[in-house]
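Engineer: predicted structure and sequence below. I'll ask about it afterward.
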Amino acid sequence: MNRLYDFLRRHPTWVDGSWAFVLLVSSFLTVALRGESGYDGPEFGGMAAALTHAVVVTFRRAAPRRMLGLAIACGLFQLAADVTPLPSNFAFLVITFTVASGTERGPSRLALGASLVAPTIATLRWPSRSDGETTAETVIYVLFLTIAFCLAWVLGDSLRTRRAYYAELEERAARLEQERETQARMAVAAERARIARELHDVVAHNVSVMVVQADGAAYVLDSAPEQTRSALHTISGTGRQALTEMRRLLGVLRSEDGAATGLDYVPQPGVEQLADLVDQVRDTGLPVDFRIDGTPRPLPSGVELTAYRIVQEALTNTRKHGGPDVGATVRLEYGADALTVLAEDDGRGAQHELYQDRGADGLGQGLIGMRERVGMVGGVLKAGPRPGGGFRISATLPLAAND
């Protein structure tokens, strides 16, 4: 049964043709019987009209506008040739329904207008010859036919409205699906950018510390064993810290069952860890003057992490580009509605191409990552050479919008 239904749905013209054949045969029988059936028009004209009606019903879906025109032409032919109504005239109701269910409003209005006047014209052209039929009965007959035609048009128009509604729902569903996919891609891209920034900060800082300590240990390996041992201890601690932070960042790469591990929930660094960061940098031989102005108070987690990463990146850049005998200054100032972070050095500082246009090699990510972090919390970042030599990074991080 399902196969038969699918076959008929894929071949609507065959279905319409079968109904047209039924109308054609019944009309031919009516014409052939003539007096017995009540038909008293010309035999050739009746068969021609029946055949035309069959064509209208068969191809009503393939070419509704043309079939409407053919049906109107056939109706006019019946009026002119005195071909009284046949069973095949049911095609007028069918084509009215079909055109009303289409998307073109012009043919639909034409079909409605024809539906309103056709019963009256047919009654005037072929008045009933039944004895004793009153005018009231004739009026009721005309109204019945008119209502039938109008009902066919209303049903078709309702079908058109329902189809348009379903099409709109499908379009909206497709649009929402596309928007959902777009949002998912944007979320993935944002998460990748976040992880890239975190990895850059973690790797750049900790590897820089390890390289400095390793170079120092190699230099004093024979002359100062204790200093070498201290450098190796710093390298070991820095490496462990880097591994811990990297495990936290990559905690999304879990086991196949998706179970989270304890490392997924390691707290992110904040301003309270800045003292440990400064001490770690001092152990590498870089003097850092660290000071906090104002009254410390709890900060939003996003602001804390941003402040920590700014100081971490600034000190890393100082070690890489500050030159010999460089010194660094770090200031945290708690204001009424903002936290100000200042990190600067007094060395030769980074050259222009090292902080503009993503670095001299086009791959620098440090300052770009800073600007992205500061922008995410609604802050302002200023970075550039310091008057008198060196490099300065200043960030103002608003607190009110992040509470």
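Structural biologist: All right, it came through fine.

Engineer: for the residue nearest to Leu305 when sequence neighbours are not counted, helix, strand, or coil?
Structural biologist: What sits nearest to Leu305 in space, not counting adjacent residues and going by Cβ to Cβ, 6 or more residues apart in numbering, is Gln268, at 5.0 Å. All C-beta atoms are positioned from the backbone trio N, CA, C, and that covers glycine. When classified by DSSP: H, G, I helix; E, B strand; the rest coil, Gln268 comes out as coil.

Engineer: ok, Thr238 - contacts?
Structural biologist: 206, 209-210, 213, 280 (Cβ atoms under 8 Å, 6 or more residues apart in numbering).

Engineer: looking at those residues, spot the one nearest Ile147.
Structural biologist: Distances from Ile147 to those, taken as Cβ to Cβ, are shortest for Asn206 (86.7 Å).

Engineer: which element is that closest one on?
Structural biologist: Per DSSP states H and E: Asn206 is located in helix 135-219.

Engineer: can I get the contacts of Thr238 in CSV with pLDDT, distance to Ala193 and neighbour count?
Structural biologist: CSV is the format used below for the contacts of Thr238 (pLDDT from 0 to 100; distance: Cβ to Cβ, whole Å; neighbours: other Cβ atoms under 10 Å):
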residue, pLDDT, distance to Ala193, neighbour count
Asn206, 72, 21, 23
Val209, 73, 25, 26
Met210, 78, 26, 19
Gln213, 72, 31, 23
Gln280, 83, 27, 20
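
Engineer: just the helices in the protein please.
Structural biologist: Using DSSP state H, the helices of the chain run over residues 2-10, 12-33, 43-58, 64-81, 91-100, 105-125, 135-219, 225-249, 274-283, 301-321, 366-376.

Engineer: and the second one, what does it pack onto?
Structural biologist: When contacts are defined as 3 or more Cβ pairs under 8 Å, 6 or more residues apart in numbering; DSSP states H and E, helix 12-33 sits against helix 43-58.

Engineer: from the contact counts, what lies against the helix it packs on?
Structural biologist: By 3+ Cβ pairs under 8 Å, 6+ apart, helix 43-58 packs against helix 12-33, helix 64-81, helix 91-100.

Engineer: how far is it from where the chain is centred?
Structural biologist: Distance, stretch centre to chain centre, for helix 43-58: 53 Å (Cα atoms, centre = their mean, to the nearest Å).

Engineer: relative to helix 91-100, how tilted is that helix?
Structural biologist: Helix 43-58 runs at 30 degrees relative to helix 91-100, counting by axes from the mean of the first three to the mean of the last three Cα atoms, to 10 degrees.

Engineer: now do helix 43-58 against helix 64-81, angle only.
Structural biologist: Angle, helix 43-58 to helix 64-81, by the same axes, to 10 degrees: 160 degrees.

Engineer: list of residues touching helix 43-58?
Structural biologist: Here helix 43-58 makes contact (Cβ under 8 Å, 6+ apart) with 13, 16-17, 19-21, 23-24, 27-28, 30-32, 34, 39, 67, 70-71, 74, 77-78, 81-84, 86, 88-91, 94-95.

Engineer: low-confidence bits of the stretch 301-403 of the chain, can you list those?
Structural biologist: 348-366, 401-403 (pLDDT under 70).

Engineer: rerun that using 90 as the cut-off
Structural biologist: Along the stretch 301-403 of the chain, the model assigns pLDDT under 90 to residues 301-306, 308-309, 312-327, 336-337, 346-378, 383-391, 399-403.

Engineer: follow-up on the earlier one: tell me the angle the helix holding Asn206 makes with helix 225-249.
Structural biologist: Using the same axes, to 10 degrees: helix 135-219 against helix 225-249 is 170 degrees.
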